[in-house]
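Visitor: Sequence first, then the predicted structure, then my questions.
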Protein chains: 2
Amino acid sequence: MPRLDTVLHVEEALMQLKELSARSGVSAASIKYYLREGLLQPGETVTATRADYGDGHLRRLELIQALRQIVGLGIGQIRTILSLADGGAPRLDVLATVQRVVLGLDNPGTARGSSAPGPGDAVVRLRRWPDAPSDARNALNAHLELMQKLSVPVSPATLDVYSQAMDTVAALDIRETVAPEDTDQLILTAAVGMHMHSQLLLKLLALAQASHAIRALEVHGPENSNAGSLTAHPDGQDGP
Amino acid sequence: MPRLDTVLHVEEALMQLKELSARSGVSAASIKYYLREGLLQPGETVTATRADYGDGHLRRLELIQALRQIVGLGIGQIRTILSLADGGAPRLDVLATVQRVVLGLDNPGTARGSSAPGPGDAVVRLRRWPDAPSDARNALNAHLELMQKLSVPVSPATLDVYSQAMDTVAALDIRETVAPEDTDQLILTAAVGMHMHSQLLLKLLALAQASHAIRALEVHGPENSNAGSLTAHPDGQDGP
DNA sequence: CCTTTAGGATAGGAGCACTATCCCAAACTT
DNA sequence: AAGTTTGGGATAGTGCTCCTATCCTAAAGG
């Protein structure tokens, strides 16, 4: 019986560690490190001095690179995602975890009992979103409570406008989403996509805020400052 | 002539380093460190062995704490903001810098000539935002070019919906904004507010995406996964 | 007189993501 | 057979950041 690779005309390019390093641009030392950290599956040990790595390892390395350098995840976070994927978890579980990690749904130390009702539940009802507890929902509840604690006011109007806006955005996001078959590819596009889109959102928010601030100043007239200052870039002394 | 403090009934509580440390909860060593780093103005040296710090120093320390622990800024970023404020820059300049730093408007290494037209300018026209080059606009242009380079597609529809959504949000943000008189207080509320609101937005986005994903699955039927998995929290092995 | 203090210099420590070295045994090469 | 490479494991070092600790001197203060 012929190998599946052959049937599909997929030439599994076998290589050993050094070549994998050369092709991926990742140093051999780093590859060993990823191996140790469990981000990369061990190659197939042929002899004691020869192990074969395939295209999968190459793509995995590129995924790790992207997750580190573009999305800015830590090794632990990457492991969380990859071990789930390698464990054969359902694609939706993987996606949910990618979302959790990329959008930072669990950074506040404020752990919450998942069943306790929180201030965010009203939003769910308001927007008629499916009523299921989720990581995102817990994160929202925790975050709202944190804002409360920090006395950062969140008016119902804010919650209304914000959630309405995000509802529109998310509807489009999901509509435009196409999920690749290959799991590593799925993680790559999902993580990079989520990150870039969320950053895009924040940059648009910044621009919109600046614009509205200028408008507000034009109406009420500049009082103790020049409106042009919002348009300069003061070039902080921090450097790139 | 009486001191202004006395007239305004503002008791300037004078204290020395040790007491400042006790009251603020910041270790004396850290205070010295902040002093060295230029985040905190030196106290008034009375004798060689006694320096007086006032309420301003106390509030400044609280500001630094908030910027570090809540907003998550680095020492260099904090210095960028504070030295501007201490240099007596216009309030709007300070706010612009806070925005730049808090919303990460300059993290991509992609520096841009401010005058070159970019893909984001169409958004500005579309939304009828004031036509002035700004940090936010540069950041948007740089980010869109980055997305292009990474082959993350940004459809005109996306830009339309996103910018429309952010326009609404920003309008409300600016409307609800009240800026404190005191500059340190201004920085505090602005930085914490921006950070918390942007995080809120991201969390709402996550929830909205999850909701729409569930909807989409309900319509087309679950194919190779259980919809319930989006609602679980798989508890990654990373731990808080 | 003895302890305390300010402020400066320096060094240490913890966490992170590598990076480099060393080692061994088992291959391949010549 | 001798010499070179290789895999993989262990271990230590690097560069960065944010502190934290120690030591020092000169000058007060009680």
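Guide: Ah, there it is. Numbers count the residues shown, from 1 in each chain, chains lettered A, B, ... in the order given.
Visitor: Give me the pLDDT value at A:Lys32.
Guide: Predicted confidence (pLDDT) for A:Lys32: 97.
Visitor: Who are the contact partners of the residue lying closest to A:Glu19 once chain neighbours are set aside?
Guide: Leaving aside its chain neighbours, A:Glu19 sits nearest to A:Tyr53 (8.0 Å; criterion: C-beta to C-beta, 6 or more residues apart in numbering or on different chains). The C-beta positions use only the backbone N, C-alpha and C, and glycine is treated the same way. For A:Tyr53, the contacting residues are A:14-17, A:19-20, A:43-44, by C-beta atoms under 8 Å, 6 or more residues apart in numbering or on different chains.
Visitor: Could you measure from A:Tyr53 over to A:Gly87?
Guide: 20 Å (C-beta to C-beta, to the nearest Å).
Visitor: Flag every residue of chain A that's near DNA strand C.
Guide: Residues of chain A found near DNA strand C (C-beta under 7 Å from any atom of the strand) are A:27, A:29-30, A:32-33, A:47-50, A:68, A:74-76.
Visitor: Now flag whichever of those residues is closest to B:Asp184.
Guide: Proximity to B:Asp184 was ranked across the residues of chain A next to DNA strand C by C-beta to C-beta; first place goes to A:Gly74, at 32.5 Å.
Visitor: For that closest one, give its distance to A:Ala51.
Guide: For A:Gly74, the distance to A:Ala51 - C-beta to C-beta - is 27 Å.
Visitor: Check what pLDDT the residue nearest the centre of chain A gets.
Guide: In chain A, the centroid-proximal residue (C-alpha atoms, centre = their mean) is A:Val102; its distance is 2.4 Å. According to the prediction, A:Val102 has pLDDT 98.
Visitor: and if you look at A:Gln65?
Guide: 97.
Visitor: Enumerate every residue touching A:Ala206.
Guide: B:99-100, B:103, B:105, B:135-136, B:139-140.
Visitor: Skipping its backbone neighbours, what lies nearest A:Asp106 in space?
Guide: A:Arg100 (6.0 Å).
Visitor: so that neighbour, which of the three states?
Guide: With DSSP: H, G, I helix; E, B strand; the rest coil as the basis, A:Arg100 sits in helix.
Visitor: For it, give its distance to B:Leu17.
Guide: Separation of A:Arg100 from B:Leu17 (C-beta to C-beta): 43 Å.
Visitor: quick one: which of the two has more around it?
Guide: For A:Arg100 versus B:Leu17, the count of surrounding residues by other C-beta atoms under 10 Å in any protein chain shown is larger for A:Arg100: 23 against 17.
Visitor: tell me which residues in the host helix or strand of A:Ile187 are buried?
Guide: Assigning secondary structure by DSSP states H and E places A:Ile187 in helix A:183-220. For helix A:183-220, the neighbour count (16 or more other C-beta atoms under 10 Å in any protein chain shown) marks A:183-184, A:186-215, A:217 as buried.
Visitor: That helix vs helix B:183-220, what angle?
Guide: Relative orientation of helix A:183-220 versus helix B:183-220 (axes from the mean of the first three to the mean of the last three C-alpha atoms, to 10 degrees): 130 degrees.
Visitor: what's the burial count for A:Ser30?
Guide: 16.
Visitor: So it lies in a helix, does it not?
Guide: Yes: under three-state DSSP, A:Ser30 sits within a helix.
Visitor: Report the closest residue of chain A relative to DNA strand C.
Guide: Nearest residue of chain A to DNA strand C: A:Gly74, at 2.9 Å (C-beta to the nearest atom of the strand).
Visitor: Return the backbone torsion pair for that residue.
Guide: Main-chain torsions, A:Gly74, degrees, to the nearest 10: phi -90, psi 170.
Visitor: ok, it to A:Ile81 distance?
Guide: Taking C-beta to C-beta, one finds A:Gly74 at 11 Å from A:Ile81.
Visitor: Those two - which one has more neighbours?
Guide: Using other C-beta under 10 Å, the more surrounded residue of A:Gly74 and A:Ile81 is A:Ile81, with 25 against 12.
Visitor: Please state the mean pLDDT value computed over the helix or strand where the more buried one lies.
Guide: In the assignment (DSSP H and E), A:Ile81 maps to helix A:75-86. Mean pLDDT, computed over helix A:75-86, is 97.
Visitor: likewise stretch A:49-59?
Guide: Mean predicted confidence for stretch A:49-59 is 95.
Visitor: Look at that stretch and report the distance between its end residues.
Guide: 23 Å (C-alpha to C-alpha, to the nearest Å).
Visitor: Centre of the chain to it, how far?
Guide: Stretch A:49-59 sits 27 Å away from the centroid of its parent chain (C-alpha atoms, centre = their mean, to the nearest Å).
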